[in-house]
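Asks: model this:
(chains A and B)
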Amino acid sequence: MSLSLYLPLAGNSINILLLFGLGGLVGFLSGVFGVGGGFLLTPLLIMAGIPSTVAAASDSNQIVAASTSGTYAHWRLGNVDFKMGIILIIGGVIGGTLGVYLIKALRAMGDADFVIKITYVVMLGGIGGYMFVEALQSLRRKPVERKKTVTEPAKVSRYNRLVQSLPYQMKFEKSGVTLSPVMPLILGVLVGILAAIMGVGGGFIMVPVMVYMLRMPMHVVVGTSLFQILFTCINVTIMQAATNFTVDLVLALILLLGSTIGAQFGVRLSKRLKGDQLKILLASIVLLVMVQMLLSLVLPPYLLLGHKGGH
Amino acid sequence: MKARSLALLLWLCWGLPAPALAGSDPFELQVRPDLVEIGAFFNGHDVKISGNIPSGAQAVVEITGPAAAEHLMRKGRRGGLWMNVGKVEVQGAPSLYLAASTSPPLLKAPPAGAVWGYPALKQQIRFAGQVKPEERDRFLDQFFQLKESEEIYGAFPGGLKVKAGPQNLQTVTVRIPLPTKVKPGTYRVCLTVVQGDKVIGQQCCDLKVVMVGFPAMLASLAYGHGATYGILAVVIAIVTGFAMGYLFKGGGGH
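Replies: Alright, predicted model coming up:
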């Protein structure tokens, strides 16, 4: 019997082991870093011969499974801040809706593709570069210096003053931070706009936002990010299936079997790694994707004609 | 000759039958199987095509899909970066085109006015949108390259094998691989017989491709009840996620 499986909505057949392996790899990364992995899996599926629209939509469906599994695992470990997650989800939904309208307006002007590509490169490069440098500096710092840093009186930055001046300050016990819900709501809106423009779940933007702007501990960030991604991807899957008919359940099922298993191994590894090591690994992957995208923008393409969809 | 070429072109575009060229069964054209089923483990399918042609003649076999408008994107440089810069509508191009010939030059460099091969397709394909008239030939070549990379266009010069047949005839045979991306529908298989540079006859028949079993059921649910299908997909994903999470609960600790 052939190891190939026919995907009715993708209109193509593909090797089961290849799909299982791709799902496993991305699920593993999802479990380690708390990112959905859409920014990695969609291009990989397109390379494997899946139409870009089907790849993106089916990917969302498999992320639902991977993030359910990952959220469940992190919840058992006490790493999910539901209060923070719900506020970020509300912000993300508002931002996502605004982003969809923004893209519609840009498409009408004919500049959507340019904005999408540039946003991708700038966001991936900025976030990946900052996270990499910051985590590397933190790792290189000697333990004595670290101790000193802790005992020194903390400088109150302009950003901290702004955060503290916002109304309705509340304590987020799981994250160990006290801040106004307005802050995560605004950040959720901004990430939602970017996620809609870029056509991804937004995990790789949300994780650094939670670490650097909401000052949440890395392990709570991973669980909370997965919780937020779960709801984003449920919405995307249903919308794509109902309006564009691009969710291939067979494709998603094979991917999710691989990814849910991969996610469990990822969660285990994430507990063994230090926060800075996690950051450096995620930053390296983000930067690799950025370089690949930059090359595709700079180097002349093999063909001057291509299909619609996907970026 | 011009009128006959035009008639053949029209016929290739799913119009009129080719007059005076196709008798009831002049070349005993056979297509096996004439019905291809796309099931759960479909991975493309070889189609064996055979026929009997007069001794000394040459032949071309074509499998052609119905023409439909296709929307593509043109890439270009903007601000020093390569990206999609405009829409291109391709009209009159068959959805599938696979051809094989007895003699390689018949497909590689067909005679002027030939009704087969890429040069004949070039006559019937039209571009609308971001392609200037002077860019037409360049973009036709780009279009063929794109389709060949997707394996839905292909030419096999010399792929049609010839051996001695009954009486004063020779038998031509070829196995053409239908790609995994073939869509359900009715395709036209034609055997065109050539003597020198002239077409001396043509016979065609249908090749049906249908989706069956689980893929057919899933496609019907997805296209007929999109929202239900989406909710089902989410429920399956959540249940699988929880099940996998539960299964891994006991294994390996932290």
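Asks: contacting residues around the residue most central in space within chain B?
Replies: Chain B has B:Leu96 as the residue nearest its centroid, 1.6 Å off, counting by C-alpha atoms, centre = their mean. With contact set as C-beta atoms under 8 Å, 6 or more residues apart in numbering or on different chains, B:Leu96 has these partners: B:Ile63, B:Thr64, B:Gly65, B:Ile152, B:Tyr153, B:Pro179, B:Val182, B:Lys183, B:Tyr187. C-beta coordinates here come from the backbone N, C-alpha and C atoms, glycine included.
Asks: which of these sits closest to chain A?
Replies: Nearest to chain A among these is B:Lys183, at 6.2 Å by C-beta to the nearest C-beta.
Asks: now the nearest residue to that closest one once chain neighbours are set aside: how far from B:Ser95?
Replies: Closest residue to B:Lys183 apart from its sequence neighbours, by C-beta to C-beta, 6 or more residues apart in numbering or on different chains: A:Gly11 at 6.2 Å. Look at A:Gly11 and B:Ser95: by C-beta to C-beta, to the nearest Å, they are 11 Å apart.
Asks: just A:Gln264 next, same as before
Replies: From A:Gln264 to B:Ser95 the distance is 43 Å (C-beta to C-beta).
Asks: just give me the neighbour total for B:Val61.
Replies: B:Val61 is flanked by 27 other residues according to other C-beta atoms under 10 Å in any protein chain shown.
Asks: using PDB, write down the CA coordinates of the helix or strand hosting it.
Replies: Element membership of B:Val61, judged by DSSP states H and E, is strand B:58-64. Output of strand B:58-64 as PDB, limited to C-alpha atoms (Å, rounded to 0.1, in the frame of the first residue of the first chain):
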ATOM      1  CA  GLN B  58       3.700   9.400 -37.300                       C
ATOM      2  CA  ALA B  59       1.300  10.200 -34.500                       C
ATOM      3  CA  VAL B  60       0.700  12.400 -31.500                       C
ATOM      4  CA  VAL B  61      -1.400  11.600 -28.400                       C
ATOM      5  CA  GLU B  62      -2.800  14.300 -26.200                       C
ATOM      6  CA  ILE B  63      -4.800  14.400 -23.000                       C
ATOM      7  CA  THR B  64      -6.500  17.700 -22.700                       C
END
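Asks: go through it and flag the buried ones.
Replies: B:Gln58, B:Ala59, B:Val60, B:Val61, B:Glu62, B:Ile63, B:Thr64 (16 or more other C-beta atoms under 10 Å in any protein chain shown).
Asks: let's have those in JSON lines, adding pLDDT and distance to A:Val207.
Replies: Output for the buried residues of strand B:58-64, formatted as JSON lines (pLDDT from 0 to 100; distance: C-beta to C-beta, whole Å):
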{"residue": "B:Gln58", "pLDDT": "94", "distance to A:Val207": "65"}
{"residue": "B:Ala59", "pLDDT": "95", "distance to A:Val207": "63"}
{"residue": "B:Val60", "pLDDT": "96", "distance to A:Val207": "59"}
{"residue": "B:Val61", "pLDDT": "96", "distance to A:Val207": "57"}
{"residue": "B:Glu62", "pLDDT": "96", "distance to A:Val207": "54"}
{"residue": "B:Ile63", "pLDDT": "97", "distance to A:Val207": "51"}
{"residue": "B:Thr64", "pLDDT": "97", "distance to A:Val207": "51"}
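Asks: chain A: which of those residues is nearest?
Replies: Using C-beta to the nearest C-beta, the buried residues of strand B:58-64 come closest to chain A at B:Ile63, 17.5 Å.
Asks: count the residues that sit near A:Glu173.
Replies: So A:Glu173, with other C-beta under 10 Å, has 10 neighbours.
Asks: look up phi and psi at it.
Replies: phi -60, psi -50 (degrees, to the nearest 10).
Asks: how much space between it and B:Val88?
Replies: For A:Glu173, the distance to B:Val88 - C-beta to C-beta - is 57 Å.
Asks: tell me the confidence at A:Gly49?
Replies: On pLDDT, A:Gly49 comes in at 81.
Asks: for the stretch 101-250 of chain B, just list every one of the helices.
Replies: B:104-108, B:117-124, B:136-149, B:213-224, B:226-247 (DSSP state H, counting those that start in this stretch).
Asks: ok, back up a step: and the strand holding B:Val61, what other elements does it pack with?
Replies: Strand B:58-64 is packed against strand B:45-54, strand B:97-101, helix B:104-108, strand B:169-178, strand B:185-195, with contacts defined by 3 or more C-beta pairs under 8 Å, 6 or more residues apart in numbering or on different chains; DSSP states H and E.
Asks: the first one: how far from the chain's middle?
Replies: Translated: strand B:45-54. Relative to the centre of its chain, strand B:45-54 is centred 16 Å away, using C-alpha atoms, centre = their mean, to the nearest Å.
Asks: same deal with the third one?
Replies: The gap between the average C-alpha position of helix B:104-108 and the chain average comes to 19 Å, counting by C-alpha atoms, centre = their mean.
Asks: A:Gly11 and B:Ser95: which is more packed in?
Replies: Using other C-beta under 10 Å, the more surrounded residue of A:Gly11 and B:Ser95 is A:Gly11, with 20 against 17.
Asks: how about the contacts made by that one?
Replies: Applying C-beta under 8 Å, 6+ apart, the residues contacting A:Gly11 are A:Pro51, B:Lys181, B:Lys183.
Asks: okay, it and B:Ile38: tell me how far apart.
Replies: 9 Å.
Asks: what does B:Gln130 give?
Replies: From B:Gln130 to B:Ile38 the distance is 34 Å (C-beta to C-beta).
Asks: ok, those two, which is more surrounded?
Replies: Comparing B:Gln130 with B:Ile38 by other C-beta under 10 Å, the one with more neighbours is B:Ile38, at 25 against 17.
Asks: was I right to think that one contacts B:Phe214?
Replies: No: contact between B:Ile38 and B:Phe214 fails when scored by C-beta atoms under 8 Å: they sit 10.6 Å apart.
Asks: count of residues packed around the residue in the stretch 101-250 of chain A that chain B sits nearest to?
Replies: Closest to chain B within the stretch 101-250 of chain A is A:Ala241: 2.9 Å, counting by C-beta to the nearest C-beta. Using other C-beta under 10 Å, A:Ala241 is surrounded by 30 other residues.
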